[in-house]
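Novice: no sequence for this one, just the structure:
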């Protein structure tokens, strides 16, 4: 299958007159987490290379920072969450385009085990009761305005609380900083990057605050998102097509050969021991797309989430056709089926 696809990729490249030398691009990624697994697979399995791309990855330390870097010319593509592109459009930065889905919503929340015991926090209690018992806790996030921040706010607002008055929201940064913050007692819990919850629970440091799927309004909403710029994609359609084809192959590997996808992702989580990595993979596998398409329905559900958490003077609807360009992904999906 790989050989046949390489032949197809070479034929497409030759037909477009694309240069034989690899095209070097920079991908600005918000953080290292399970939100971006298709990108890891495309790197380790050589899908980018098969498409004539040399991809350099830069970690930005948060979604808003990744979006700022993309708009500032720091790279040709960025990876963060769907919220970041919506916010860019609200600021009039309409060159941004959501390019492909990388994961669905899964923003785990945990609390230190000692805090949970002291407060009587456990999953047997109704969610609204748990939120009441969380009042006053210090909850870590990645960075202000990121989806982790919005998740804490959503939990508070949908249960009758004020996120700023009733919780203390503490920016921590990436995976290692979130773990260190809880180990040091800097925070009582966190809206975690995927992987932090598994690691800290295995250590006995934390327990879950929210059950998977408990915030049903967010089930199936696009989360990890690859972004590009309309101006760049128009000027370099061959690169955009190559990126899309590599991601279609990566998501197909997840859908059809999850064990191979798991092995391809493993090098990006070297700090995890094998047992924790296997548990993490099994936990997050249902939240990876089988094809990297962002549907209108998912886009509208993201808007509904944002309407809850954003102040009225900030929230305004964003057009799917203005903020998302699925043309390259749809074309790549057709290529893959041939």
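Specialist: Perfect, thanks for sending it. Values in this document were obtained by computation on a predicted structure and should not be read as measured data.
Novice: So what's the predicted local confidence for residue 204?
Specialist: At residue 204, the model reports a pLDDT of 95.
Novice: Roughly how far does it sit from residue 113?
Specialist: Distance from residue 204 to residue 113, counting by C-beta to C-beta, to the nearest Å: 6 Å. Yep, even glycine has a C-beta here, placed from its N, CA and C like the rest.
Novice: out of the two, which sits in the busier spot?
Specialist: Per other C-beta atoms under 10 Å, whichever of residue 204 and residue 113 has more neighbours is residue 113, with 17 against 8.
Novice: where does the stretch 201-338 of the chain have low pLDDT?
Specialist: Across the stretch 201-338 of the chain, the ranges flagged by pLDDT under 70 are 338.
Novice: how about the strands in it?
Specialist: Along the stretch 201-338 of the chain, the segments classed as strands by DSSP state E, counting those that start in this stretch run 206-208, 224-229.
Novice: Now tabulate the ones you listed in TSV and tack on distance to residue 40.
Specialist: Shown next, in TSV, are these (distance: least, C-beta to C-beta, whole Å):
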stretch	distance to residue 40
strand 206-208	25
strand 224-229	11
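Novice: Determine which stretch of those is the most buried.
Specialist: Highest mean neighbour count among those (mean count of other C-beta atoms under 10 Å): strand 224-229, with a mean of 27.
Novice: ok, back up a step: among the strands of the stretch 201-338 of the chain, which comes closest to residue 79?
Specialist: Proximity to residue 79 (C-beta to C-beta) singles out strand 224-229 among these, at 5.4 Å.
Novice: Starting from that closest one, tell me which strands it pairs with and how they run.
Specialist: The strands beside strand 224-229 in its sheet (DSSP bridges) come out as strand 77-81 (antiparallel), strand 96-101 (antiparallel).
Novice: hang on, the earlier thing: and residue 297, which of the strands of the stretch 201-338 of the chain is closest to it?
Specialist: The minimum distance between residue 297 and these falls on strand 224-229, with 15.4 Å, by C-beta to C-beta.
Novice: contacts for the closest one?
Specialist: 35-37, 39, 67, 70-71, 76-82, 84-85, 95-103, 240, 243, 247, 292, 294, 325 (C-beta atoms under 8 Å, 6 or more residues apart in numbering).
Novice: right, and the strands of the stretch 201-338 of the chain - which one's nearest residue 154?
Specialist: strand 206-208 (16.8 Å).
Novice: Export the strands paired with strand 224-229 as a markdown table, with columns for distance to residue 258 and mean pLDDT.
Specialist: Shown next, in a markdown table, are the strands paired with strand 224-229 (distance: least, C-beta to C-beta, whole Å; pLDDT from 0 to 100):
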| stretch | distance to residue 258 | mean pLDDT |
| --- | --- | --- |
| strand 77-81 | 21 | 96 |
| strand 96-101 | 17 | 97 |
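Novice: before we move on, back to that, the strands of the stretch 201-338 of the chain: which one's closest to residue 282?
Specialist: Nearest of the strands of the stretch 201-338 of the chain to residue 282, taken as C-beta to C-beta: strand 206-208 at 15.5 Å.
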